[in-house]
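K.L.:
the sequence and its predicted three-dimensional model are supplied below.
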Amino acid sequence: MIEKTDKIWMDGKLVAWDDAKVHVLTHSLHYGLAIFEGIRCYNCKKGPAIFRLNEHVKRFFDSAHIFNMEIPHSREEITEAILKTVKANRMKECYIRPLAYIGYGVMGVSSAGSSINVSIAVWPWGAYLGEDGLKNGIRAKTSSFIRGHVNSNMSMAKVSGYYVNSQLAKQEAVALGYDEAILLDTEGYVSEATGANIFIVRGGVIKTTPLTSILEGITRNTIMELAKESGYEVREERFTRDEVYIADEAFLTGTAAEVTPVKELDGRTVGQGKPGPVTKKLQDAFFQAVKGKSRKHERWLSYL
């Protein structure tokens, strides 16, 4: 359950958590077009800091642009609103959810004439796939549901409605006793998890799905940079589910998932069935960066 905080930013004003409401005829509620971001604030050595805030705000506006949604605030205003909301709730660590949605005003598939509303909520949120999963790895299942074709869903945008697909895959995996689902693309190659990108390690080479059927993950980009700095070869190329079976290591990345090892896929042990040395090294480097313990990566932090 979400842990309630004090204030939510709505259309330029901080309102009480319980007063942050929308009309039941809000267009996005009926037709699924809303764009959002997931961002984390970490309690660093120098105090609370938001990780890669500028990149998240950019992607937020890019998503809106793809869907012709004109956000009625500038990037600078949204950036300041995020910082203001975290401060107003006196948070040292939290998850941050900016959301732009089509408001109340018209009904029907066309949203022409409707307002674009923006909200920003923050709340405490620990390890998305559990502390044990973060430490020891998770069990995943290849879903019977596939990621949408690139001309049916525009994968560069982070859109609320796309996550119906993720919910179906997640429900299926959990019902079968797994922690997470891995979805394939329309040609049968590994795409991503329900809310995270995927990496494999094989023969010392790190692979991740290219930017085709997947969201351009900011944590994905972070891990690629950290891996290259550590001297690893990183390839963006397609791979199949059976290559995951015989990989030395596999892990998921995302703002919520952070860096979560995958110890099993479809009943097959991946590697040694526990987090491998590359995964652990990158996971450690990631947490060093987000916690402000790496001077080299302080450029990624926006202190409150």
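P.N.:
Everything's here; your move.
K.L.:
and the helices in the stretch 201-304 of the chain, which stretches?
P.N.:
Listed in chain order, the helices of the stretch 201-304 of the chain (DSSP state H, counting those that start in this stretch) span 218-229, 241-245, 277-290.
K.L.:
got the CA positions of the first one in PDB?
P.N.:
Same thing as helix 218-229. Only the C-alpha atoms of helix 218-229 are listed here, as PDB (Å, rounded to 0.1, in the frame of the first residue of the first chain):
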ATOM      1  CA  ILE A 218      17.300   6.300 -17.500                       C
ATOM      2  CA  THR A 219      18.600   3.600 -15.100                       C
ATOM      3  CA  ARG A 220      19.400   1.500 -18.200                       C
ATOM      4  CA  ASN A 221      21.600   4.400 -19.500                       C
ATOM      5  CA  THR A 222      23.200   4.800 -16.100                       C
ATOM      6  CA  ILE A 223      24.200   1.100 -15.900                       C
ATOM      7  CA  MET A 224      25.600   1.300 -19.500                       C
ATOM      8  CA  GLU A 225      27.800   4.200 -18.500                       C
ATOM      9  CA  LEU A 226      28.900   2.600 -15.300                       C
ATOM     10  CA  ALA A 227      29.700  -0.700 -17.100                       C
ATOM     11  CA  LYS A 228      31.800   1.100 -19.700                       C
ATOM     12  CA  GLU A 229      33.700   3.000 -17.000                       C
END
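K.L.:
list the buried residues for it?
P.N.:
By neighbour count on 16 or more other C-beta atoms under 10 Å, the buried set for helix 218-229 is 218-220, 222-224, 226-227. Glycine gets a C-beta too; all of them are placed from N, C-alpha and C.
K.L.:
likewise the last one?
P.N.:
Taking 16+ other C-beta under 10 Å as the basis for neighbour counts, the residues of helix 277-290 that come out buried are 278-280, 282-283, 285-286, 289-290.
K.L.:
what would the helices of the stretch 201-304 of the chain look like in a markdown table with distance to residue 85?
P.N.:
Shown next, in a markdown table, are these (distance: least, C-beta to C-beta, whole Å):
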| stretch | distance to residue 85 |
| --- | --- |
| helix 218-229 | 19 |
| helix 241-245 | 39 |
| helix 277-290 | 19 |
